[in-house]
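In: here is the input, now give the coordinates:
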Amino acid sequence: MAGGDSGTSSTSGTSGIIRVLIVDDQMMVREGFSVLLNAQPDIQVIGEAVDGREAVRQVAALNPDIVLMDIRMPELNGLEATREIVAADADAKVLVLTTFDLDEYVYQALRAGASGFLLKDASARQLADGVRVVAAGEALLAPTVTKRLIQEFSRLGTPRTPTQDRVADLTERETEVLVLVAQGRSNSEIAARLVVAESTVKTHVSRILVKLGLRDRTQAAVFAYEAGLVTPGG
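Out: Model prediction:
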């Protein structure tokens, strides 16, 4: 999990309440998540959807801060729904929840624009904390998922040329910060490593996201791996 604030926030208005939409085709899962999250003072479940198609409609209608998205669903699966939500330039950030800890789902979900990834067996505390982390503009990847993601990038091999070309837009220091973000380091850890103020790191991260047209730190990490800036074990 990469910590630190990228300079963005998804909490609604001045209330500080994080508004969540739960998307899952199983009623018991939706109800269970709703009970757990509504018990938190700073989180409110504002809606539910039974498939990806309904999720896209609900995001447009309700404008949630966070979408808890299942992957395997009828009509439109979670990966395609995430792509449509991101393509619509919605403010909502997608936190993917799945029972399938598989490389293909991890990679595809992040490429689709998901801001985080948690397994469904996460505890109530992990679930609530995950919502808060993603709402704060940070990246959320379960440790086992991070390892598999690195293995997937390793398997893919050669960096993508278009992605590689965009690295030229970054300064040397911004590239250095991007690599550390991709390695899962928090802003405070990066600041200590580079011997600079944490506020300086936040500024660098914000500029990196703007220059590369990325949504958050998770997408920055994906970019770094695709551009060949970070390699497994690097």
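In: buried residues in the helix or strand containing Glu80?
Out: In the assignment (DSSP states H and E), Glu80 maps to helix 78-87. Neighbour-count burial for helix 78-87, counted by 16 or more other C-beta atoms under 10 Å, picks out Gly78, Leu79, Glu80, Ala81, Thr82, Arg83, Glu84, Ile85, Val86. Backbone N, C-alpha and C define where each C-beta goes, glycine included.
In: which strands or helices does it pack on?
Out: Helices and strands touching helix 78-87, by 3 or more C-beta pairs under 8 Å, 6 or more residues apart in numbering; DSSP states H and E, are helix 52-62, strand 66-70, strand 93-98, helix 103-112.
In: what pairs with the third one, parallel or antiparallel?
Out: In the sheet, strand 93-98 lines up against strand 66-70 (parallel), strand 116-119 (parallel) (DSSP bridges).
In: winner for burial among those strands?
Out: Mean neighbour count (mean count of other C-beta atoms under 10 Å) peaks for strand 66-70 among the strands paired with strand 93-98, with a mean of 28.
In: between that strand and helix 103-112, how big is the angle?
Out: 150 degrees (axes from the mean of the first three to the mean of the last three C-alpha atoms, to 10 degrees).
In: so what's the residue nearest in space to the middle of the chain up against?
Out: The structure's the chain has its C-alpha centroid closest to Ser115; by C-alpha atoms, centre = their mean the separation is 1.2 Å. Contacts here follow C-beta atoms under 8 Å, 6 or more residues apart in numbering; on that basis Ser115 touches Lys93, Val94, Leu95, Val134, Ala139, Leu140, Arg215, Asp216, Thr218, Gln219.
In: buried ones among those residues?
Out: Lys93, Val94, Leu95, Val134, Ala139, Leu140, Arg215, Asp216, Thr218, Gln219.
In: I figured the last one was touching Gly113, is that so?
Out: In this case it means Gln219. Yes - if you go by C-beta atoms under 8 Å, Gln219 and Gly113 touch, sitting 7.1 Å apart.
In: where among the helices and strands packed on helix 78-87 is average confidence lowest?
Out: Ranked by mean pLDDT, the helices and strands packed on helix 78-87 bottom out at helix 103-112, which scores a mean of 73.
In: ok, and for that helix, which residues are buried?
Out: Buried residues in helix 103-112, counted by 16+ other C-beta under 10 Å: Tyr105, Val106, Tyr107, Gln108, Ala109, Leu110, Ala112.
In: now, which of those sits nearest Ile22?
Out: Of all these, Ile22 sits closest to Ala109, with 16.6 Å by C-beta to C-beta.
In: tell me the angle whichever strand or helix holds Asp129 makes with strand 93-98.
Out: Here Asp129, judged by DSSP H and E, is contained in helix 124-135. Calculated by the same axes, to 10 degrees, helix 124-135 forms an angle of 150 degrees with strand 93-98.
In: what's helix 124-135 packed up against?
Out: Helix 124-135 sits against strand 18-23, helix 27-38, strand 43-49, strand 66-70, strand 93-98, strand 116-119, strand 140-141, with contacts defined as 3+ C-beta pairs under 8 Å, 6+ apart.
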